[in-house]
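**Student:** Build the 3D model from these lines:
(chains A and B, ligands or ions: 4)
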Protein chains: 2
Amino acid sequence: MEKRALLYEGKAKQLFETNDPNILRVQYKDALTAFNGEKKERAKGKGRLNNEISSILFHQLSTVGIANHFVKRLSETEQLVKKTSIIPIEVVVRNVAAGSLSRRLGLEEGVPLNTTVVEFYYKDDDLGDPLINEDHIQLLDLVSINQLNEMKEMALQVNDHLTNHFKACDVKLVDFKLEFGFDEEGKLILSDEISPDTCRLWDVHTNEKLDKDVFREGIGQIDQAYETILTRLKGAVVTD
Amino acid sequence: MEKRALLYEGKAKQLFETNDPNILRVQYKDALTAFNGEKKERAKGKGRLNNEISSILFHQLSTVGIANHFVKRLSETEQLVKKTSIIPIEVVVRNVAAGSLSRRLGLEEGVPLNTTVVEFYYKDDDLGDPLINEDHIQLLDLVSINQLNEMKEMALQVNDHLTNHFKACDVKLVDFKLEFGFDEEGKLILSDEISPDTCRLWDVHTNEKLDKDVFREGIGQIDQAYETILTRLKGAVVTD
Ligand SMILES: Nc1ncnc2c1ncn2[C@@H]1O[C@H](COP(=O)(O)OP(=O)(O)O)[C@@H](O)[C@H]1O
Ligand SMILES: Nc1ncnc2c1ncn2[C@@H]1O[C@H](COP(=O)(O)OP(=O)(O)O)[C@@H](O)[C@H]1O
Ligand SMILES: [Mg+2]
Ligand SMILES: [Mg+2]
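**Tutor:** Ligands and ions are numbered 1, 2, ... in the order given. The predicted model follows:
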């Protein structure tokens, strides 16, 4: 698949057009950002690790029937995906209290949640990706209520699947962020990436952090943490 | 109704027990606070004005069948209400962009909303009254989903009624905050107050602010603004 013009460059990836108008070539970057771009760094190997981890996880989701944009991994840092019109809503699913949920509700980090919490954030860097509710989504005309319910439903399915998959790797899926889009036929499909940049992943025994919080909190080597996730995912034998 | 022990003192009101265990005596204070208590002032006459305005509005809501805690006004600054176990959720209804909605979504103040927006905030001063969604409410076990839907339904009814009522007074109901509680029989009823402290009210022709924003923004005399609202409410002939 030929690499053509750069379509969009984000904080973690570049999207290139290809000779197929419905297919994009994604280049995963080594750049790391946090706190809405305020903290920045280059982490050698991160692009390769996230490209491979996201490829494994999207492939897994395909096998359990969750419609998504992943086509195939092309190289160490590149993959092909179906082009989607991205919905500017970040869907966050939470199993354990951490991050902004802990701050919002005054819950201690690490407390398991007896209700799986789904949150919607408006994907807008200038506004700081604010939490929004269904009325805000209607007001901004981002998606219909039916589409929103479908996104929530899919996000919970992804959560069920990934929770099991990571458990088999001795990893606790604390929370994660998903993005959805519509493909060329108008079908809602999971897009973007699933990686230690977009999930909180803790060692199930020690609660050691194996995700972007290592960078946010400056508590270790990001490449080692992500490498641990990749190694465990490759070693895991999962049955579902 | 005898005045007994002080049960609770908030930022704007004192609640006293009475000889009837299900009835409280509310004393409206002249104190004004904003930004979660950071800005403070005493506004002579505010207690009297809010007591009278809230009494008029709750009485109106009673006549249209919206169950609420109001019993009767006792004196310039006092009223009797049914004691409720207050649900720690602030229900905000919005018709026009202003305040935190403008900031959250980047909407210019004064833009009419084509969808009535209902928001839930967790009533917790230490946490800064954060926006929450239905999953957070389940997680914190604040109310059931059915009760939440009932609150939302009642809030929209209050909005319909008050919007009309204020329109007849040449006042635009921009947004407002409600609190609900359960009475001694476990019935959900509207509680707290409805006043220029808890509503944004603009002159329908000039958009002049006639509410607590006058104090928040330091743009005029709070007592004059509130007096205008009271005078117009008293003068209005409303049919519904
Ligand atoms: N299948 C897809 N089609 C089109 N855009 C996509 C697809 N998957 C992800 N994107 C978008 O690619 C952009 C670049 O990704 P990234 O660098 O992570 O951006 P951001 O800085 O917004 O996090 C994001 O805006 C993301 O929404
Ligand atoms: N009918 C009621 N029964 C019991 N408590 C009530 C009732 N109506 C209002 N309250 C509570 O009275 C308290 C005092 O009011 P206020 O001074 O406005 O408090 P705050 O500082 O929390 O805004 C608030 O906590 C409010 O929830
Ligand atoms: Mg991204
Ligand atoms: Mg109050």
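**Student:** In chain A, which residue is most central in space?
**Tutor:** Compute the mean C-alpha point of chain A, and by CA atoms, centre = their mean the closest residue is A:Ile194, 3.3 Å away.
**Student:** separation between it and A:Ile56?
**Tutor:** 9 Å (CB to CB, to the nearest Å). Any C-beta I mention is one placed from the backbone N, CA and C, and that applies to glycine too.
**Student:** Identify the residue nearest A:Asn68 in space, chain neighbours excluded?
**Tutor:** Spatial nearest neighbour of A:Asn68, excluding adjacent residues (CB to CB, 6 or more residues apart in numbering or on different chains): A:Leu190 at 3.9 Å.
**Student:** Just list whatever residues bridge to that neighbour.
**Tutor:** Note on A:Leu190: beta-bridge partners A:Asn68, A:Phe180, judged by DSSP bridges.
**Student:** same check, this time on A:Glu119
**Tutor:** Under the criterion used (DSSP bridges), A:Glu119 bridges to A:Val92.
**Student:** Now do the same contact list for it.
**Tutor:** A:91-92, A:94, A:101, A:131, B:133, B:135 (CB atoms under 8 Å, 6 or more residues apart in numbering or on different chains).
**Student:** So what's the residue count around the residue nearest to A:Asn68?
**Tutor:** 24 (other CB atoms under 10 Å in any protein chain shown).
**Student:** who's in contact with it?
**Tutor:** So A:Leu190 contacts A:58, A:61, A:66-69, A:154, A:158, A:178-180 (CB under 8 Å, 6+ apart).
**Student:** Neighbour-wise, give me the winner out of the contacts of A:Glu119.
**Tutor:** A:Arg94 (25 neighbours).
**Student:** hmm, whatever helix or strand it lives in in reach of ligand 1?
**Tutor:** Per DSSP states H and E, A:Arg94 falls inside strand A:89-96. No: judged by CB under 6 Å from any ligand atom, strand A:89-96 stays clear of ligand 1, getting no closer than 9.0 Å.
**Student:** Then stretch A:197-207?
**Tutor:** No: figure legend: stretch A:197-207 not in contact with ligand 1 (CB under 6 Å from any ligand atom); closest approach 7.7 Å.
**Student:** what about that stretch, average pLDDT?
**Tutor:** The average pLDDT for stretch A:197-207 rounds to 98.
**Student:** Over to stretch A:216-236?
**Tutor:** 94.
**Student:** Spatially, what comes nearest to the closest residue to ligand 2 within chain A if we skip its sequence neighbours?
**Tutor:** The minimum distance from chain A to ligand 2, using CB to the nearest ligand atom, falls at A:Gly106 (16.9 Å). Counting by CB to CB, 6+ apart, B:Leu127 is the residue found nearest to A:Gly106 once chain neighbours are left out, at 5.3 Å.
**Student:** close enough to count as contact, that neighbour and A:Leu105?
**Tutor:** Yes: between B:Leu127 and A:Leu105 there is a contact at 7.0 Å, judged by CB atoms under 8 Å.
**Student:** In terms of neighbours, single out the busier of the two.
**Tutor:** Neighbours were counted for B:Leu127 and for A:Leu105 using other CB under 10 Å; A:Leu105 has more, 18 against 15.
**Student:** Tell me the spacing between that one and B:Gln147.
**Tutor:** 19 Å.
**Student:** again with A:Asn159
**Tutor:** Taken as CB to CB, the span from A:Asn159 to B:Gln147 is 26 Å.
**Student:** more neighbours, these two?
**Tutor:** Using other CB under 10 Å as the criterion, A:Asn159 and B:Gln147 rank with A:Asn159 on top: 19 against 16.
**Student:** Could you tell me which helix of chain A is the longest one?
**Tutor:** helix A:145-167 (DSSP state H).
**Student:** Just confirm yes or no for it near chain B.
**Tutor:** No: Helix A:145-167 lies apart from chain B when judged by CB under 8 Å from any CB of the partner chain; the minimum separation is 9.5 Å.
**Student:** by contact count, what packs against that helix?
**Tutor:** helix A:46-63, strand A:89-96, strand A:112-122, helix A:134-140, strand A:171-182, strand A:188-191 (3 or more CB pairs under 8 Å, 6 or more residues apart in numbering or on different chains; DSSP states H and E).
**Student:** Can you tell me which residue of chain A sits closest to ligand 1?
**Tutor:** Counting by CB to the nearest ligand atom, chain A gets nearest ligand 1 through A:Gly10, at 2.2 Å.
**Student:** so who does that residue touch?
**Tutor:** So A:Gly10 contacts nothing (CB under 8 Å, 6+ apart).
**Student:** how much space between it and A:Gln147?
**Tutor:** For A:Gly10, the distance to A:Gln147 - CB to CB - is 23 Å.
**Student:** for A:Glu108, same thing?
**Tutor:** Counting by CB to CB - A:Glu108 and A:Gln147 are separated by 35 Å.
**Student:** Just give me how far stretch A:121-128 sits from the chain centre.
**Tutor:** The chain centroid and the centroid of stretch A:121-128 are separated by 16 Å under CA atoms, centre = their mean, to the nearest Å.
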